[in-house]
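**Student:** Here is my input, please return the structure:
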Amino acid sequence: MLRQGVRSLSKRLYSTEASSPPYIITRTDASGALPVYLDIKNGGTRSLTIIRRVQGDAEALRQEVAALFPDTPKNFVTVNPINNQVVIKGSYVNDIKQWLAQKGF
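**Tutor:** Numbers count the residues shown, from 1 in each chain. As a prediction, this is how the structure comes out:
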């Protein structure tokens, strides 16, 4: 279900910066897994990847995730301001988990 321009998402490595990012993603308590989930809507016709447990600047995380998908529309990655979750249109759970693990979360 990956789009043509996103197939190489796992190949794109995060370049480490001197400063730490302005956000933290905490792992789940019970299993220690990354809080990235798939949400299926509209009877299975719409899937969303949700990054939960974001503390700090979720907009900065949204911008970094949006940079991974350069050929997509502006609203492809959004932030839910009520619960500080980042929502990506499509099913990218494994790719996002791998990217977050490479970043050290």
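
**Student:** Any stretches of the chain with poor pLDDT?
**Tutor:** Applying pLDDT under 70 to the chain picks out residues 1-18.

**Student:** any chance you could map the strands in this structure?
**Tutor:** Counting by DSSP state E, one finds strands in the chain at the ranges 23-25, 36-41, 46-51, 54-56, 77-80, 85-89.

**Student:** Which strands and helices lie in contact with the fourth one?
**Tutor:** Under the contact criterion of 3 or more CB pairs under 8 Å, 6 or more residues apart in numbering; DSSP states H and E, the helices and strands touching strand 54-56 comprise strand 23-25. The C-beta positions use only the backbone N, C-alpha and C, and glycine is treated the same way.

**Student:** name the helices or strands packed onto the strand it packs on?
**Tutor:** Judged by 3+ CB pairs under 8 Å, 6+ apart, strand 23-25 is in contact with strand 54-56, helix 58-67.

**Student:** Okay, buried residues for the first one please.
**Tutor:** By neighbour count, and taking 16 or more other CB atoms under 10 Å as the criterion, the buried residues in strand 54-56 are Val54.

**Student:** gap between the residue of the chain positioned farthest from its centre and Pro22?
**Tutor:** What lies farthest from the middle of the chain is Gly43; by CA atoms, centre = their mean that is 23.0 Å. Between Gly43 and Pro22 the computed distance is 38 Å (CB to CB, to the nearest Å).

**Student:** now the strands of the chain in JSON lines, with distance to Val65?
**Tutor:** Shown next, in JSON lines, are those (distance: least, CB to CB, whole Å):
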{"stretch": "strand 23-25", "distance to Val65": "11"}
{"stretch": "strand 36-41", "distance to Val65": "11"}
{"stretch": "strand 46-51", "distance to Val65": "8"}
{"stretch": "strand 54-56", "distance to Val65": "11"}
{"stretch": "strand 77-80", "distance to Val65": "5"}
{"stretch": "strand 85-89", "distance to Val65": "6"}
